[in-house]
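Trainee: what follows is a predicted protein model with its sequence.
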Amino acid sequence: MLEVIRSKVERAERLSADEGLFLFRHPDVVAVGLLANQVRERLHGDRAYFNRNMRVEVTNVCVASCLFCSFAKLEEGAPGAHTMKLEEAWAELEKRMDDPPSEVHIVNGLHPGLPLSYYEDLLKGFKRIKPDIHMKCFTAVEIHFFAQLYKMTHRQVLERLRAAGLDSLPGGGAEIFHPDVRSRISHDKATADEYLEVHRVAHSLGIRTNSTMLYGHIETFEHRVDHLLRLRALQDETKGMQAFIPLAFHPDGNGMRNLPAPTAIDALRTVAVSRLLLDNVQHIKAYWVSMTPEVAQIALRFGADDVDGTIIHETIYRAAGSRSPSGLTTAQLVRLIQEAGRIPVERDTLYNVVHEHPRAALPEAALKVRDRMAARHLEVLS
Amino acid sequence: MGVDVSSLVDMAIRESSLDDVLGARRAGALTPAQVERIRSSDLLVLGALADRVRAEEVGDEVRIYTDEAPPGAARDVVVLPRVAGETTGLDLLREVAMARTTGPRGVCVRVDWTRCGLELAQIALGFGANELAGRMASKRGLPLAEGEKLGVGKKSRLEAADVVKRRELEGFVRRAGRTPAFVQESP
């Protein structure tokens, strides 16, 4: 079947669910990577994208009890629970105004006691500090929760938030769509249909979104393929999805701590199969926080074309045991991409090019290592 | 990985003008020019080539040293340290693949996971490595204490830490499609 898939990939034809499943199960991950890299280079050449963004989580109080979450606290006042005053949230941007990010990415718990005006004021405040900042805020799960809490429609919530400064939606909250899994790991928040409906409405309003998949826990490869094809169907309909981000499950401190984390090979394979199945999604991210910067760098050869951004102060994955740093500098991201043999392109949230860096020669130290390696191999032969 | 060597990999090797390399290697007649061509090839193609050589020459078994790994005997074991700040994960993979494709036939290619991390070590198994070495340690990198126990499972029952860690390592190898074999003996 790999031959059939290869010729379909060469002709840019759509792959089926069975073919996706075959790729997930194929023992040769490098072969799957070669195919994905072919698509990646057809779409983006050697370019690899990143942006300068910052994460803010204004509250971790959350009524949902997702098994995989190490971040949420069930109620205000519980140990470790926090909800920022608006001034505290804004201060996170104010203190970075000497070298400001282009995007603020906000994801929160589902707090039952905050009014919608809190979130509207939050957005307005960031825009007051930096009017051109892009506010990528609130997952579809949050938007659905707001609609229930404030007795509004998805459209009404999105319109109110957009009027206050919302520019796009992040992709979190997708987890695994299939009900056999979703009902077990996150039974008390938006269903798959509700998640997709929020995205559909957002796209109809001209609000771009990302989407995600949390993999490597109790789901099967069939569930992953089902998830990817549901996203592909939505994208056929709306074309509003910018990027897909596979998120590796991390087990520390949550209800599935008895499970092992997915391995690096699984991360690379998932990136590659996502690239191959999501033929209508322009960008596949290797989210370095989720898979470590080292593996993200390798993923740039397995189908990914984006490594996300500087992040600054990520807390959700760190709570679940991620050993990735909580932020990277622009220089570190540029170097990470250059060392993967790609051309670093700083983008804004909507993938407009901010600055294309040169394809740099390898740093002198790395060249020395290469030379030393070559000399050693030649010595073995002689 | 590499159990089912696909025609797609063959084609990638052919398209990179490396198809003569396999024959030359089997005949023990690799030339410096061929080594140079291998060195400058695309990382994934190089990985595919190395994985194929590994499957032919040393099979699927991955030898795991968790105590004091024997030093690499001359021309027998290639130990691959990672020089902090100088090499990237991609460099490590390239070096592993180079060692497998241009080193002596049947050479043991070993990766020290304490120096490059388990993630990279696992990926290296797909690029020609067939040995893993390193002291078992806690998640924070601390050595396991004598008699240390770890909580596992839903009810956090206690198990000997070294047993838990061995199981983790075994899982890493199996999920790379390979067969783990713990090596106990001293050099």
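Mentor: Sure, I can see it.

Trainee: residues touching the residue lying closest to residue A:244 once chain neighbours are set aside, list them.
Mentor: Take residue A:244 and drop its neighbours on the chain: the residue closest to it by CB to CB, 6 or more residues apart in numbering or on different chains is residue A:281, 5.0 Å away. (Each C-beta comes from the backbone N, C-alpha and C, glycine too.) Taking CB atoms under 8 Å, 6 or more residues apart in numbering or on different chains as the criterion, residue A:281 is in contact with A:231-232, A:235, A:241-244.

Trainee: closest to chain B out of the residues you listed?
Mentor: Proximity of the contacts of residue A:281 to chain B, judged by CB to the nearest CB, is greatest for residue A:244, which lies at 21.2 Å.

Trainee: is the closest one in a helix, a strand, or coil?
Mentor: strand (DSSP: H, G, I helix; E, B strand; the rest coil).

Trainee: then residue B:64?
Mentor: Of the three states, residue B:64 takes strand under three-state DSSP.

Trainee: now the residue nearest the centre of chain B: how far from residue B:112?
Mentor: Nearest to the geometric centre of chain B sits residue B:129, at 2.5 Å (CA atoms, centre = their mean). Distance from residue B:129 to residue B:112, counting by CB to CB, to the nearest Å: 11 Å.

Trainee: and if you look at residue A:260?
Mentor: 22 Å.

Trainee: which of those two has more neighbours?
Mentor: Under the criterion of other CB atoms under 10 Å in any protein chain shown, the comparison of residue A:260 against residue B:112 puts residue B:112 first, with 18 against 14.

Trainee: shouldn't the more buried one be in contact with residue B:134?
Mentor: Yes. Residue B:112 lies in contact with residue B:134 (CB atoms under 8 Å); the separation is 5.2 Å.

Trainee: shaky segments in the chain?
Mentor: In the absence of a named chain, chain A is used. Residues of chain A that meet the criterion pLDDT under 70 lie in A:313-326, A:360-382.

Trainee: other chain: chain B
Mentor: Judged by pLDDT under 70, the stretches of chain B that qualify are B:1-6, B:68-87, B:137-161, B:185-187.

Trainee: so where do the helices sit in it?
Mentor: With DSSP state H as the criterion, chain B has helices at B:7-15, B:19-26, B:32-39, B:43-57, B:89-102, B:113-116, B:118-124, B:161-174.

Trainee: the fifth one near chain A anywhere?
Mentor: Read that as helix B:89-102. Yes. Using CB under 8 Å from any CB of the partner chain, helix B:89-102 reaches chain A at B:89-91, B:93-95, B:98-99, B:102.

Trainee: and the closest residue to residue A:350 other than its chain neighbours, bridged to which residues?
Mentor: Nearest residue to residue A:350, sequence neighbours excluded (CB to CB, 6+ apart): residue A:208, at 6.3 Å. Under DSSP bridges, the beta-bridge partners of residue A:208 are residue A:168.

Trainee: give me the residue at the spatial middle of chain A.
Mentor: Central residue of chain A (CA atoms, centre = their mean): residue A:245, at 3.6 Å.

Trainee: correct me, but it touches residue A:291?
Mentor: No. Counting by CB under 8 Å, residue A:245 does not reach residue A:291; the two are 10.4 Å apart.

Trainee: so what's the closest residue to residue A:339 other than its chain neighbours up against?
Mentor: Nearest non-adjacent residue to residue A:339, counting by CB to CB, 6+ apart: residue B:88, 4.6 Å away. By CB under 8 Å, 6+ apart, residue B:88 lies in contact with A:294, A:297, A:336, A:339-340, A:366.

Trainee: contacting residues around stretch A:252-263?
Mentor: By CB under 8 Å, 6+ apart, stretch A:252-263 touches A:65-70, A:185, A:215-218, A:248-251, A:270, A:319-321, B:118-119, B:122, B:152-154, B:168, B:171-172, B:175-176.

Trainee: apologies, that question was intended for stretch A:182-195.
Mentor: Counting by CB under 8 Å, 6+ apart, A:63-68, A:110, A:140-141, A:144-145, A:173-179, A:198, A:217-218, A:230, A:256 sit against stretch A:182-195.

Trainee: list buried residues within the residues you listed.
Mentor: The neighbour count (16 or more other CB atoms under 10 Å in any protein chain shown) marks A:63-64, A:66-68, A:110, A:140-141, A:144-145, A:173-178, A:198, A:217, A:230, A:256 as buried among the contacts of stretch A:182-195.

Trainee: can you give me the distance of residue A:240 to chain B?
Mentor: Residue A:240 sits 32 Å away from chain B, going by CB to the nearest CB, to the nearest Å.

Trainee: thought that residue was touching residue A:202?
Mentor: Yes. Proximity of residue A:240 to residue A:202 meets the contact threshold set by CB under 8 Å, at 6.7 Å.

Trainee: and these two? Which one has more around it.
Mentor: residue A:202 (24 against 20).

Trainee: residue contacts, the more buried one?
Mentor: A:140, A:143, A:158, A:169, A:208-209, A:240.

Trainee: re earlier: what is the burial count for the residue nearest to residue A:350?
Mentor: 19.

Trainee: wait, doesn't it sit right on residue A:243?
Mentor: No. With contact defined as CB under 8 Å, residue A:208 does not reach residue A:243; the gap is 9.3 Å.

Trainee: so where does residue A:158 fall, helix or strand?
Mentor: Assessed by DSSP states H and E, residue A:158 sits inside helix A:154-164.

Trainee: list the buried ones in that helix?
Mentor: For helix A:154-164, by 16+ other CB under 10 Å, it's A:154, A:157-162, A:164.
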